[in-house]
Every structure is written in C-alpha cells, then in structure tokens.
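A.B. asks: Let's see this in three dimensions:
(chains A and B)
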Amino acid sequence: MPLSSPQGNATRKRCQPWLGTFVEITAAHADDDLLRRAFGAVATVHERMSFHAQHSDLAALRHATPGKRVRIHPDTVSVLRFAIDLYRRSHGIFDVAVAAKLVASGFLPRPPGVDLRRMTGTSADIEIVSDRDVILHRPMLIDLGGIAKGFAVDNATRLLIDAGMTHAVVNAGGDLRVVGETRIHLRDGDGAIRRSLVLSDAALATSANRHTRRQRGGTTWVPHLDAQRMPRPIDHAISVIADECMTADALTKVALVAPPEAERLASTYDARIVPLEPSTGADH
Amino acid sequence: MSRRSTALAAFTALAALTGGVHATEYLTPAQAQAQMFPSQALTQDFRQLTPEQIAAIRKASGESPLSPELKAWRAQDGGWFIIDEVVGKHEFITYAVSLDASGAVRDVEILDYREAYGQQVSDARWRSQFVGKRAGESLKLGTDIQNISGATLSSKHVTDGVRRLLATYATVLAAR
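C.D. replies: Next up is the predicted model:
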C-alpha cells in the first residue's frame, strides 16, 4: 500500500514549520496523539540544535570559554560525535564549525554578542568529554543545519516505528525517511522534478545551491564550502540514500563539493549517491 | 490592486495553466480548530484592521498584513485561533496559529500549501516531465507529485507571518 493518496482513508498527513523548513509527517492509521508526539520529537531537536533558537545548545557553545566544559543535551552530543567522525573521515571537507563563514557571506544571521574574527576553530577543536559535556579548544560558530534536520527526521521516524506504524514518511524540507515503501520525486537545482524512485525503509536527502548564491567581494558564495573553506557553486542537486537521514544529509554536503570523496565515503556508510544530471536520470 | 490580490491573481493564473504543480491540503480550518482546541467551543471574532492598526502591526513586526481582515476565533480558555495566509516567490500557504490566554504561540499548523514555479510551469518541456515520460509512470499535476526531496524550502514566510500575528494580537485582540 503506497502512500500515494495521503488524504485517503486512514492516512494522515500534517505539516508544521520547524528547523527553518516545512516538516511533513504522513502516516497510515496514526492518531492525533502519535502525530503530536512525532512533531514533538522534531520540535525538541529544533530547540536544542537550531542555529536561530536563542537558548539552544548551539547558543551555549558559541559563548563557551575555550578549554572549559560545556554541558549540553546528550542528543546534541550524539550529533556532534557523528559530525566529528565524518570530519575526520572526509579529511576536513565536512565541517560543522564553518558557520562564521556562512554568517560573513550572509547565509546565516549574525548571532548577538559574537565577534566573528575570533571564531576560528574547526571540528578538530571539539572534544567530547562525556555524553553530556564537550570542550571547545578554540572559539567557533557551529551550525548543525542539515544534520540536525536529519537527526530530527530519524527521531520522529523511530517514534512512529515504535508505535507500530508500517507505512509513513517524515519529510523535513527534502530530508526524508520512509517506513514501508513510497515513491519519492527528486527536485533538481532549478526546481524541476527530474527523477523519481521508490524508497523502501530508507532515508533520502537532497542538497542544491543553484538558488542560494550571493555575490561578495567578486566571489560567488554558496552555503557549501570545500576543504579550503571556499564556496563550490553547482547547478545540479545531489541526493543520497542511506539507512539514516542524518547520514544521507551529511553525505549530500560532501558530494556537492567533492564527488570522488563522497563516493568513497558512501560505500563505508552503506549509502548511495543519486546524481540529478538529466543524462543520468532515466531510471525507474 | 493590493499586493495580496496581485499575488493571488498571479497564482491563480499559474494554477489554471498547470493545475497546480504541487498542492497539498493538510487540514481544513475545522479540523485544525478541533486539533488545537479539543472539546472547546470557539467563537468567531473576525476583525477589520484599521489603517492605524495595520501601521502599528507593521512597525512592531516589520511585516504588513496581506489582508485587512483578521480571521480570529476566541476560545473558552482565553486562547485564540487565527487563520492567515502568506505568499512567497513560488508558494501560497494558508496556516493556523493557536495562542494561549497570555498570547503565547501554542501551535502552528500548515493547512494548505500550493506551489508553482513561474518560468518552469510555462515551459512545455518542463511540464512534459510530469505526464508519463518516466517508464510508464503517469504523474498527474498537483495530485501525484507528493513526497518531494529537493533543496530545503525555507519556512521564513510563515515564521515572519507568525511574528506579524503576535503583533496583531498585541495591537488588536489583547487590547479589548
């Protein structure tokens, strides 16, 4: 039973704004309470890990004194642990500590009371001390962006599975995860839907930067930076399929700036990269 | 022609051309009311915003109301249920907000999301992608295009709209 007619029969579909995007939860035979709890799981991630939320763990980290322990939620520690691991495995391409660059180039708002020039740390300067404590050895601005969305999708999906759901989709603005089998349409960088595929008990994330470009100092900036912290504009979107949405999202970011590196990493994460160039979009 | 009706006219023209590229109705207003205020009777209390109120709302929130009509319902517990609309570059969104008796946001739910890409929907080659070119897959405009994964869509217009509604509450509803 694919979820192709979400308003049909017992299938419920709801949408709320969280994490800067639209989070849509579709589930067959879900009651109001279950949907409320699933959105609650997303809302909790928003409060802890949104760059924009005033009292988030990220706000605590950007005001941290270098070398001093900062107590944050174990979920945020889990996401940071994943991010540091991928930073090492990608030789520095995937770095959640580049937010100062993203603020300077206009993709993120400038947090109050922060001197961008001091924010020079990288993921290599994050030390995880315990399940609740981290130390930043240099000041830095962290943006968990897409992986926080992926983590929220994974949490909400697990909650639906634990409640016995066998057909569901959690979609946070393109970072999505499917329980059961569902057809997914992939939108390219120009907005066109170039490809569709059937996803079965898996996650899929898509990233693009064709419509998020800013000219600054003679350079075309996009929110995706390479290992030299320089922007890499690309016309086509890239999707990644993985077991977990957090993994899928993170690998799209590597694939946008370093395709060979992403292919190598995808195999180690048991993930698959789905390019959206028209010439390769003819399957399914 | 007001900004809202211009945007609406443009949107309607696109929808007529294409049948709407991606449109989803999540909840009817009545379903959203039942969701946000279970077992409470709501009393309709629509207001016409005066030019002075609109100016005050704009000053407080940085956002201008799209319409002078405020669609608000009062709950028995002192809370409010408000239905509002925002228009983005490609999307037209109806959403509902519930406020508690102190005027704090309790829930935001998208009721209806419609999206169209102007340049692309008028391009026959682009439209043809929806109509059965994919190995026998027939995609009907506006109905079958569900579960899209693409670059993240920003919910900024809704966030700005909620901020405007909080200013509207402070200016119009709380001042009773």
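A.B. asks: residue ranges of the helices in chain B, please?
C.D. replies: B:3-18, B:29-36, B:51-61, B:118-121, B:124-128, B:156-168 (DSSP state H).
A.B. asks: go on, the stretch 51-200 of chain A?
C.D. replies: A:57-62, A:74-89, A:99-104, A:145-162 (DSSP state H, counting those that start in this stretch).
A.B. asks: Make CSV from those and add distance to residue A:124 and mean neighbour count to it.
C.D. replies: Glycine gets a C-beta too; all of them are placed from N, C-alpha and C. Below are the helices of the stretch 51-200 of chain A laid out as CSV (distance: least, Cβ to Cβ, whole Å; neighbours: other Cβ atoms under 10 Å in any protein chain shown):
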stretch, distance to residue A:124, mean neighbour count
helix A:57-62, 15, 20
helix A:74-89, 7, 18
helix A:99-104, 15, 21
helix A:145-162, 17, 24
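A.B. asks: And those, which one averages the lowest pLDDT?
C.D. replies: When these are compared by mean pLDDT, helix A:99-104 comes last with a mean of 84.
A.B. asks: how about stretch A:209-224, does it reach chain B?
C.D. replies: Yes. On the criterion Cβ under 8 Å from any Cβ of the partner chain, stretch A:209-224 is in touch with chain B at A:209-212.
A.B. asks: Return the per-residue confidence for whichever residue of the stretch 101-250 of chain A sits closest to chain B.
C.D. replies: Among the residues of the stretch 101-250 of chain A, residue A:187 lies closest to chain B, at 2.8 Å counting by Cβ to the nearest Cβ. Per-residue confidence (pLDDT) for residue A:187: 82.
A.B. asks: Give me the spatial nearest neighbour of it, chain neighbours excluded.
C.D. replies: residue B:150 (2.8 Å; Cβ to Cβ, 6 or more residues apart in numbering or on different chains).
A.B. asks: what about that neighbour, neighbour count?
C.D. replies: 24 (other Cβ atoms under 10 Å in any protein chain shown).
A.B. asks: Correct me if wrong: it contacts residue A:237.
C.D. replies: Yes. Using Cβ atoms under 8 Å, residue B:150 makes contact with residue A:237 at a distance of 6.3 Å.
A.B. asks: who touches both of these two?
C.D. replies: A:186-188, A:206, A:208 (Cβ atoms under 8 Å, 6 or more residues apart in numbering or on different chains).
A.B. asks: who touches residue A:39 in this structure?
C.D. replies: A:14, A:16, A:18, A:23, A:25, A:156.
A.B. asks: Any idea what the third one is bridged to?
C.D. replies: Put plainly, it is residue A:18. Taking DSSP bridges as the rule, residue A:18 bridges to residue A:21.
A.B. asks: what number of residues lie near it?
C.D. replies: 22.
A.B. asks: What of the second one?
C.D. replies: Residue neighbour count, defined by other Cβ under 10 Å, stands at 21 for residue A:16.
A.B. asks: Quick check: it is in a strand.
C.D. replies: Yes. Using DSSP: H, G, I helix; E, B strand; the rest coil, the secondary structure at residue A:16 is a strand.
A.B. asks: Give me the pLDDT for the residue nearest to residue A:187.
C.D. replies: 77.
A.B. asks: ok, and the closest non-adjacent residue to residue A:238?
C.D. replies: Computed as Cβ to Cβ, 6+ apart, the closest residue to residue A:238 that is not its neighbour in sequence is residue A:255, at 4.5 Å.
A.B. asks: so that neighbour sits right up against residue A:271, yeah?
C.D. replies: No. Counting by Cβ under 8 Å, residue A:255 does not reach residue A:271; the two are 9.8 Å apart.
A.B. asks: Excluding sequence neighbours, find me the nearest residue to residue A:153.
C.D. replies: residue A:245 (4.1 Å).
A.B. asks: Over to residue A:171?
C.D. replies: The shortest distance from residue A:171 to any non-neighbouring residue, by Cβ to Cβ, 6+ apart, is to residue A:24 (4.6 Å).
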